[in-house]
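S.K.: show me how the following folds:
(chains A and B)
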Number of protein chains: 2
Amino acid sequence: MAKQQNILIIGAGLCGSLLALRLAQRGFKVSVYEQRPDLRKVDLNSGRSINMAFSNRGNKAMKLVGIEDKVKALCIPMNGRMLHDIDGNTFFAPYSGREHEHINSISRQKLTALLLDEAEKHENVNIFFNRKCKFVDFEKTTALFQDYENKNEIIKEANVIIATDGAGSVMRQSYYLGRKFLFNFSQEYLNHGYKELSILPTKTGEFKAFKNALHIWARESFMLIALPNLDGSFTVTLFLSYDEGPYNFNNLTKKDRILEFFSTYFKDALELMPNLVDEFFMNPTSPLGTVKCSPWNYKGNTLLMGDAAHAIVPFYGQGMNAAFEDVVELDKVLDTVDGDWETIFKTFATSRKIDTDAIADLAIDNFHEMKGHVNQKLFRDKRNLEMALEKQFPNEYSSKYSLVTFNEHIGYREAMLRGRAQDKAILNLLSDNDLLVEPDMTKDDLKIILDRVIKETEAILVQDSVKRLK
Amino acid sequence: MAKQQNILIIGAGLCGSLLALRLAQRGFKVSVYEQRPDLRKVDLNSGRSINMAFSNRGNKAMKLVGIEDKVKALCIPMNGRMLHDIDGNTFFAPYSGREHEHINSISRQKLTALLLDEAEKHENVNIFFNRKCKFVDFEKTTALFQDYENKNEIIKEANVIIATDGAGSVMRQSYYLGRKFLFNFSQEYLNHGYKELSILPTKTGEFKAFKNALHIWARESFMLIALPNLDGSFTVTLFLSYDEGPYNFNNLTKKDRILEFFSTYFKDALELMPNLVDEFFMNPTSPLGTVKCSPWNYKGNTLLMGDAAHAIVPFYGQGMNAAFEDVVELDKVLDTVDGDWETIFKTFATSRKIDTDAIADLAIDNFHEMKGHVNQKLFRDKRNLEMALEKQFPNEYSSKYSLVTFNEHIGYREAMLRGRAQDKAILNLLSDNDLLVEPDMTKDDLKIILDRVIKETEAILVQDSVKRLK
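M.R.: Predicted structure coming up:
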């Protein structure tokens, strides 16, 4: 692909700024238009989540653009889930039996700022802020922007336009409303919304709870989680139904009721959150939606990437990682496919959509697992067994969570199919009391179990692939 | 619900005109606005299908409004599928083993005209044609219409607005674009489109093919079907991919190639279609889409019904029947629920959506069954067995097709769950060679088979319900 081509990127969020950086490294002329002000200069209270889970798939992209070490400095490792029961007891469940495997908490603002800085080091990159995209003419390959400062409207043309403008993508809307081609589209909301709250640091700047964990207060029909920030605070997120159950967002409108709800269900968290009620009233309640669509491209003119193409719920901690992996995958296609933009876009989108559909479904599954199953004995037995298998047989066994999160060399779909089959195999064996899992099993005992799990998993995978063929 | 309430209906198609009639019978003041001219006065070539499959669920609605006999006069019974193989051999596969069970071919235009005539007999009904809905303000319960004749725009207010404006519903679009509430929405297209063609009658007005069947030329990746009309003609529909396979809509652009395609795959049909090429060029190619959404209502102000709420692909012959059944179900809620419109709409939509989601999925399944499986030996063995069971045990066995089509007292979802479990049961037994089906089995032989099928079906249903609970 000729390097002198002009590429216009809509949206300078996490995905757009990484894409700009990578395309600049490849020599393209890149212009980026972002509707918000420059978050390196203005403190934005955008209503979007403040910190994110960053893991291997995202890191693969950081390696690609050569900033792995700079990103590492922004990361707080989270080695597992810290489960808080209703009486305030805690229980630590590691994410992996392999010691080096963990996820990280990272600031959206700091990571985006780093990516913008790195992108702007390239003189073939121009980033414009306060330019809201209003409409994309995908047949003419032009985009209409409004300048927030002087309200002027400007039309920009490019060889190709790539929209990384998030779950509410304007270009995706232009595809939908344009009715120029058959556009498959779905938006599905959970009945739950989320609200961000916080646990501030101690006066001396220390963390008030264990730093290296993702804290979870799972209460079956709702839950609270907390992720650490570099400044010693935690960002706390409440996931709760809008209108179901005795306590829901629609009826938590009074101070007393909010305190009653938290003191009943999250007593230990409440003690760390003296600022709860103010934040509860001040911060928005936001929906949790999944967006799928196809095609992502219009001929060789335009392409959707990141949340614009596949917005997912946050429960697998993979939203940002999936968007970053999009850039890695597009980069691979640019390396290997010798064709026009239409061929490149189609090749990328066709194979990538299979994986992003999978992580979308996995993320919804994990919502139910996180808020409920983590409390169940069967689930805990399964996790304990898996941790023991991963520890003793690090090269032979990976749980579904590990396949999705730490096995960045396989796609989400492969991770999903294998991970689900494994889960089914272990749960079948456990619930039939076919597996006796003891605390002090030898490696030989575990090897026998591993072989049974592998055999059962393979059998389920064969059944599943026969079903799919039918 | 107070009868003096004003109800505004958007769309006077099959669903809207039936709804107007029924609500008028209940005493409401009904205004209907239709974008097209009155099809009783103008010959419309609207690009929509000319004839439809009419069956028990639709007839339930005709009984409700008391016009069953008038509709019967418009029906041509179709007792089964007439399968045409590639050599021109035909094979008749009845829809049911019970003699009285059949579906019907009916003219969309004639049936709509009848419903409009019946609705207009009520002085509390006013129908306005050539009024295109542009926008619904669901918070104010007003709709904006443009008069096609003088181009004037008018705003109409009502106590409630019900949109029956089809798959491209303007009110549904207003829900989506309004962003005033979380609106779940999906539109999914098949890779196949369709084109309507025809087999004209003989010079003396006779049918050129067997009248009382739905003719199918199933060719695995595409198919042709034909339904009879009262004038001796057949409406023929080609279902074909837009862009896949050696022959597709995108590359069938030349006369010679169209004739080559038809003479290769539909030789016996081609002989009856001297007008093929002209029609092929003249008639539009239309997409096949499924639309699902929720909620259907906005408070007690507005409600989506029929294709506007749940558009489906035509392969189960249930699109119109489902829309008519919507009216029956809403009528039941009006009979039984003593509450405001919001309660009525919610009660209706919550239970109805479960069934319309089911028929949407069944219709896509049947696309694959119709174009492919009907040719397979296993499928034929299964259908032969089912016909024998239905004939010998009419009160004890109904195939999935019968459950969906002829068992109007159960919902689509129940029909789907039971029907799928039965299919799986029979296919399992047949493919394991556990069932020996002979041409001349006695009733006693069949009873043994019936008992095994029922037992296996119940076991599968229990497994399925456990899976759903998980």
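S.K.: buried sites along the lengthiest helix in chain A?
M.R.: In chain A, assigned by DSSP state H, the helix with the most residues is helix A:341-371. Of the residues in helix A:341-371, A:341, A:344-349, A:352-353, A:355-367, A:369-371 count as buried by neighbour count, 16 or more other CB atoms under 10 Å in any protein chain shown. Every residue, glycine included, has its C-beta placed from N, CA and C.
S.K.: so is it next to chain B?
M.R.: No. Helix A:341-371 is not in contact with chain B by CB under 8 Å from any CB of the partner chain; minimum separation 9.9 Å.
S.K.: for that helix, name the packing helices and strands.
M.R.: Helix A:341-371 sits against strand A:184-199, strand A:214-218, strand A:223-228, strand A:285-294, strand A:297-298, strand A:302-304, helix A:319-336, helix A:412-431, with contacts defined as 3 or more CB pairs under 8 Å, 6 or more residues apart in numbering or on different chains; DSSP states H and E.
S.K.: tell me the angle it makes with helix A:319-336.
M.R.: Angle, helix A:341-371 to helix A:319-336, by axes from the mean of the first three to the mean of the last three CA atoms, to 10 degrees: 150 degrees.
S.K.: can you pull the contacts of residue A:213?
M.R.: A:78, A:79, A:80, A:81, A:82, A:92 (CB atoms under 8 Å, 6 or more residues apart in numbering or on different chains).
S.K.: tell me which of the helices and strands packed on helix A:341-371 sits most buried.
M.R.: Counting by mean count of other CB atoms under 10 Å in any protein chain shown, strand A:302-304 has the highest mean neighbour count of these, with a mean of 27.
S.K.: what's in contact with that strand?
M.R.: A:136, A:138, A:141, A:160-163, A:169, A:171-172, A:175, A:293, A:296-297, A:345, A:348-349.
S.K.: pairing partners for that strand, with directions?
M.R.: Within its sheet, strand A:302-304 is paired with strand A:160-163 (parallel), strand A:297-298 (antiparallel), according to DSSP bridges.
S.K.: can you add mean pLDDT and distance to residue A:37 and give the ones you listed back as CSV?
M.R.: Converted to CSV, the strands paired with strand A:302-304 look like this (pLDDT from 0 to 100; distance: least, CB to CB, whole Å):
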stretch, mean pLDDT, distance to residue A:37
strand A:160-163, 98, 20
strand A:297-298, 98, 30
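S.K.: what helix or strand does the residue lying closest to residue A:68 once chain neighbours are set aside sit in?
M.R.: Counting by CB to CB, 6 or more residues apart in numbering or on different chains, the nearest residue to residue A:68 once its immediate chain neighbours are dropped is residue A:62, at 4.6 Å. Residue A:62 is located in helix A:56-65, with elements delineated by DSSP states H and E.
S.K.: how distant is that helix from the center of its chain?
M.R.: Between the centre of helix A:56-65 and the centre of its chain there are 14 Å (CA atoms, centre = their mean, to the nearest Å).
S.K.: same for it, what does it pack against?
M.R.: helix A:14-25, helix A:68-72, helix A:319-336.
S.K.: return the alpha-carbon coordinates of that helix using PDB.
M.R.: Extracted in PDB, the C-alpha atoms of helix A:56-65 (Å, rounded to 0.1, in the frame of the first residue of the first chain):
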ATOM      1  CA  ASN A  56      -1.500  -9.600  27.300                       C
ATOM      2  CA  ARG A  57      -3.500  -8.800  24.200                       C
ATOM      3  CA  GLY A  58      -3.200  -5.100  24.800                       C
ATOM      4  CA  ASN A  59       0.500  -5.500  25.600                       C
ATOM      5  CA  LYS A  60       1.100  -7.300  22.300                       C
ATOM      6  CA  ALA A  61       0.100  -4.000  20.600                       C
ATOM      7  CA  MET A  62       2.400  -2.000  22.900                       C
ATOM      8  CA  LYS A  63       5.300  -4.300  21.900                       C
ATOM      9  CA  LEU A  64       4.400  -3.700  18.300                       C
ATOM     10  CA  VAL A  65       4.800   0.100  18.600                       C
END
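S.K.: check residue A:436 and give its pLDDT.
M.R.: In this model, residue A:436 is scored at 70, pLDDT.
S.K.: let me redo that: residue A:374
M.R.: Taking residue A:374 on its own, its pLDDT is 63.
S.K.: ok, the residue of chain A found nearest chain B - contacts?
M.R.: Closest residue of chain A to chain B, CB to the nearest CB: residue A:186 (3.4 Å). Contacts of residue A:186 were listed using CB under 8 Å, 6+ apart, and they are A:290, A:291, A:292, A:293, B:185, B:186, B:187, B:188.
S.K.: how close does the fifth one sit to residue B:456?
M.R.: Residue B:185 sits 39 Å away from residue B:456, taking CB to CB, to the nearest Å as the criterion.
S.K.: now for residue A:7, how many residues are close by?
M.R.: Neighbour count for residue A:7, taken as other CB atoms under 10 Å in any protein chain shown: 24.
S.K.: and it, that's in a strand?
M.R.: Yes. Per DSSP: H, G, I helix; E, B strand; the rest coil, residue A:7 lies within a strand segment.
S.K.: skip the chain neighbours and tell me the closest residue to the residue nearest the centre of chain A.
M.R.: The structure's chain A has its C-alpha centroid closest to residue A:319; by CA atoms, centre = their mean the separation is 2.0 Å. Excluding its sequence neighbours, the residue lying closest to residue A:319 (CB to CB, 6+ apart) is residue A:312, at 5.4 Å.
S.K.: quick one, phi psi at the one you found?
M.R.: phi -130, psi 160 (degrees, to the nearest 10).
S.K.: neighbours of it, how many?
M.R.: Neighbourhood size, residue A:312 [other CB under 10 Å]: 25.
S.K.: what's near enough to touch the nearest residue in space to residue A:422 that is not next to it in sequence?
M.R.: Leaving aside its chain neighbours, residue A:422 sits nearest to residue A:457 (4.9 Å; criterion: CB to CB, 6+ apart). Taking CB under 8 Å, 6+ apart as the criterion, residue A:457 is in contact with A:418, A:421, A:422, A:425.
S.K.: relative to residue A:17, which of those residues is nearest.
M.R.: Looking at the contacts of residue A:457 and their distance to residue A:17, the nearest is residue A:418, at 32.9 Å (CB to CB).
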